[in-house]
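# Sequence and predicted structure, then a few things I'm wondering about:
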Amino acid sequence: MAEKTHKNPERVGSLYRKLALVLFVFALFSGSIFLYVVRISAELYHQEITQKLNLSLAVNISKEALLLEDEQINRPALENIFHMLMVINPSIEVYLLDNQGKILAFSAAKEKIKREFVDLKPVKDFIALEGQPGKLPLKADDPRDPNRQKIFSAAPISAKGLNEGYLYVILGGEAFDNVVDMLKGSDIMRSSAVGLLASLSIALIAGLATFGLFTRRLRRLTVVIQNYTDSDFKRSDKTRYLPEKSSSDEIDALGRHFNRMADHIDQQWSDLKRSDEARREMVANVSHDLRTPLASLNGYLETLMMKNNSLSETEKQEYLETAMRHSKRLGVLIEELFELAKLDSYQKLLNPSEFSMGELIQDVIQKFKLSAHEKKIQIVADFTKKMPFVIGDIGMIQRVLENLIENALRHTPNEGVIELSLMHLSDPPHQNRVFVKVTDSGTGIAEADLPHIFERFYRHQKSRQDGGYHAGLGLAIVKRILELHGGEVTAKNETHQGAAFIFDLPATDT
Ligand SMILES: Nc1ncnc2c1ncn2[C@@H]1O[C@H](COP(=O)(O)OP(=O)(O)OP(=O)(O)O)[C@@H](O)[C@H]1O
Ligand SMILES: [Mg+2]
C-alpha cells in the first residue's frame with residue numbers, strides 16, 4: 001500500500017501565499033525607496049536652483065556702501081542692515097566672517113548662534129566660481145546648528161581693521177526650513193503619495209492575479225499527482241493532467257511528462273504482472289515435463305528390479321532401452337532449460353564471426369541425413385548463387401538451424417520434402433541482410449497456434465497429450481538467439497505445402 005502522507009489539502013496553495021507575500025513586501029520596499037529618492041532629489045533640485053539664483057547675492061550686498069562706512073566696521077549699523085535684509089527676505093541669514101572664519105557680526109539673539117567659527121573651505125570654493133554656476137549645490141556650516149550644513153552665498157570684503165573678511169549669506173535659513181516643513185504636509189505631497197499608493201496597488205492586484213493564474217494550473221497538477229499516489233498508482237481520468245489548450249509552457253510540459261511517466265509505469269506494471277503469470281505457468285510446465293519422464297524412468301527401473309528373474313532377456317533389454325530414452329529426454333530438457341536461462345541472463349555473450357551460411361547449412365544437413373533417410377524425406381539445399389558471408393555466432397546459428405530442421409523433420413510425413421533457401425536483400429528497409437527460409441511439406445501450423453509457437457513451453461495441444469517427449473522450448477531458443485543477433489524469426493503456412501520459417505542475419509559488405 002502506498003503511504004498516504006499527502007492528505008493535507010491546505011498545503012496545496014502555500015506557494016501562492018508565499019508569492020503574494022514576496023510581491024507585497026517588494027511593492028512596499030520599492031514604494032518607500034521611490035518616495036525617499038523623490039524627496040531627496042526634490043530637495044537637492046530646490047537647493048541647486050536657489051543657490052544658482054543667489055550666486056551673486058553676497059557680492060551685491062557687499063557692494064552697498066552702507067556696509068562699510070569710512071571703511072570701518074560699524075557693527076550696530078551693520079547688524080541693522082542685516083536685520084533689514086532678513087525682514088525683506090526671510091529666507092536668508094547674513095553674517096560677517098573674518099579671514100579665519102570667525103563670526104564677527106550677525107542679526108539674531110545671541111543664544112541662537114551655536115558656532116563661533118565657520119569652515120572657510122567651501123566658502124573659498126564658492127568664491128572661486130566667480131559667478132559661474134559650477135557643481136552646485138555647495139554647502140557650508142550653518143552657524144545656528146553645530147551639526148548642519150546649508151547652501152549659501154558668499155563674497156570677499158575688505159575694510160579697515162578687517163584683513164580679508166567674508167560676507168556669508170545662508171540661503172534657506174530657519175524661516176525657509178519652516179516653510180519646507182509646512183510643504184511636507186501639503187496637498188501636493190499627499191496627492192503624489194496617494195497616486196503612488198494607487199499605482200502600487202494596481203500593480204499588486206495585477207501581480208496577484210497573474211500568480212493566481214499560474215499557480216492554479218500548478219495546483220491542478222499537484223492534485224492529479226496526489227490522486228495518483230493516493231489511488232495506489234492506478235490510471236484514471238482523475239490521475240491524468242489535461243494541459244490548457246492555449247498554452248504550452250513549463251507547467252504544461254511538466255503535466256505532459258507526468259502523464260507519460262505514469263503511462264510508462266502503468267505499462268511496466270502490467271508487463272510485470274504478465275511476465276509473472278508466464279513465469280508461474282512455466283514453473284508448472286517445467287515440473288510437469290520433468291516429472292513425466294522421471295516417473296516412467298522410475299517405473300521401468302523398479303519393474304526391472306522387482307521382476308528381474310521373471311523377465312526374459314529381450315524384455316529386460318527393451319525396459320532398459322526405454323529407461324535410457326527417458327533419461328536422455330530428461331538430459332535434453334535440462335540442457336534446453338539451462339540454455340534458455342543462459343541466453344536470458346546474457347551470460348552467454350555473442351562470439352560473432354563471418355561465415356558462409358550455405359556451408360553451415362550443408363554441415364547441419366549432414367547431421368540429419370540418417371533420420372531423413374529413415375522417413376525417406378528429401379532435404380533440398382541448392383546454393384549455386386553466390387552469397388555474401390553472414391555475421392553471427394556460428395555455434396548459436398547452428399543451434400537455430402538444428403531446431404528448425406528437427407521440427408520440420410518431425411512434422412513432415414514420410415517421403416516429404418524439406419527445402420532450405422537463401423536470399424540476399426540489400427535495399428531499404430532490409431539493409432544488407434541474408435534471409436534463410438526452411439520450408440517443409442508437412443501438416444503446417446494450426447492458425448490458432450501460429451501466434452504462440454515462439455512462446456516457451458508452447459506446444460500444439462495434440463503433441464502435449466502424446467507423452468510429451470518434446471517440451472516446446474526449441475522455437476523459444478531460436479527466437480532468443482535471433483533477438484541477441486538483432487534479427488527476427490517468423491513463421492507462416494505455405495499454400496499447398498507445410499510450414500515455413502524465415503530468419504535473417506546481417507551480411508558482410510561485398
Ligand atoms: N515445421 C513445423 N510444422 C508444424 N508445426 C510446427 C513446426 N515447427 C514447430 N511447430 C509447432 O510449434 C510448436 C513449438 O515448437 P518448438 O520447437 O518450440 O517445440 P517442440 O518441437 O514441441 O519441442 P522441443 O523443440 O523443445 O523439443 C510445436 O509443438 C509444433 O506444434
Ligand atoms: Mg522443436
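Looks like it arrived, so ask away. Everything quoted here is computed from the prediction, not taken from an experiment. Ligands and ions are numbered 1, 2, ... in the order given.

# how about the residue most central in space within the chain, secondary structure?
Taking CA atoms, centre = their mean, the centroid of the chain lies closest to residue 254, which sits 8.6 Å from it. When classified by DSSP: H, G, I helix; E, B strand; the rest coil, residue 254 comes out as helix.

# Quick one: name the residues of the stretch 351-500 of the chain near ligand 1.
403, 407-408, 411, 440, 442-445, 449, 453, 458-460, 463, 470-476, 498-499 (CB under 6 Å from any ligand atom). Every C-beta, even on glycine, is put in place using the N, C-alpha and C of the backbone.

# mind listing which of those residues are in strands?
In strands, defined here by DSSP state E, the members of those are 440, 499.

# Just the buried ones from the residues of the stretch 351-500 of the chain next to ligand 1, in ChimeraX syntax?
The buried residues among these can be selected in ChimeraX (16 or more other CB atoms under 10 Å) with this line:
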select :403,407,408,411,440,442,444,445,453,458,459,460,470,471,472,473,474,475,476,498,499
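
# Please list which of the residues of the stretch 351-500 of the chain next to ligand 1 are also close to ligand 2.
The subset of these within reach of ligand 2, by CB under 5 Å from the ion, is 407, 474.

# Cross the residues of the stretch 351-500 of the chain next to ligand 1 against helices and list the overlap.
403, 407-408, 411, 463, 474-476 (DSSP state H).

# So for these, which is the shakiest by pLDDT?
Lowest pLDDT among those: residue 463, with 60.

# Now do the contacts for the residue in the stretch 351-500 of the chain positioned nearest to ligand 1.
The minimum distance from the stretch 351-500 of the chain to ligand 1, using CB to the nearest ligand atom, falls at residue 474 (2.3 Å). By CB atoms under 8 Å, 6 or more residues apart in numbering, the contact set of residue 474 is 336, 403, 406-407.

# need the residues you listed in TSV with distance to residue 392, can you?
As requested, the contacts of residue 474 are exported to TSV (distance: CB to CB, whole Å):
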residue	distance to residue 392
336	20
403	15
406	20
407	20
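
# Nearest to residue 190 among those residues?
residue 336 (96.6 Å; CB to CB).

# and the residue nearest to that closest one when sequence neighbours are not counted, what is it in contact with?
Spatially, and ignoring its direct neighbours in sequence, residue 336 is nearest to residue 473 (4.5 Å; CB to CB, 6 or more residues apart in numbering). For residue 473, the contacting residues are 333, 336-337, 340, 456-457, by CB under 8 Å, 6+ apart.

# swap the cut-off to 7 Å and go again
Shown in contact with residue 473 (CB atoms under 7 Å, 6 or more residues apart in numbering): 336, 340, 456-457.

# cool, and residue 208?
20, 23.

# For ligand 2, see how far away it is.
For residue 208, the distance to ligand 2 (CB to the ion, to the nearest Å) stands at 73 Å.

# just residue 361 next, same as before
Distance, residue 361 to ligand 2, using CB to the ion: 18 Å.

# neighbouring contacts of the helix or strand where that residue lies?
In this structure, residue 361 sits in helix 357-374 according to DSSP states H and E. Under the criterion CB under 7 Å, 6+ apart, residues 379, 381, 383, 387, 390, 394, 397-398, 401-402, 405, 409, 420, 422, 434, 436 lie in contact with helix 357-374.

# Can you point out the buried residues in that helix?
357-358, 360-361, 364-365, 368, 372.

# out of these, which one sits closest to residue 214?
residue 357 (63.2 Å).

# what does the stretch 251-400 of the chain put close to ligand 2?
Counting by CB under 5 Å from the ion, the stretch 251-400 of the chain has no residue next to ligand 2.
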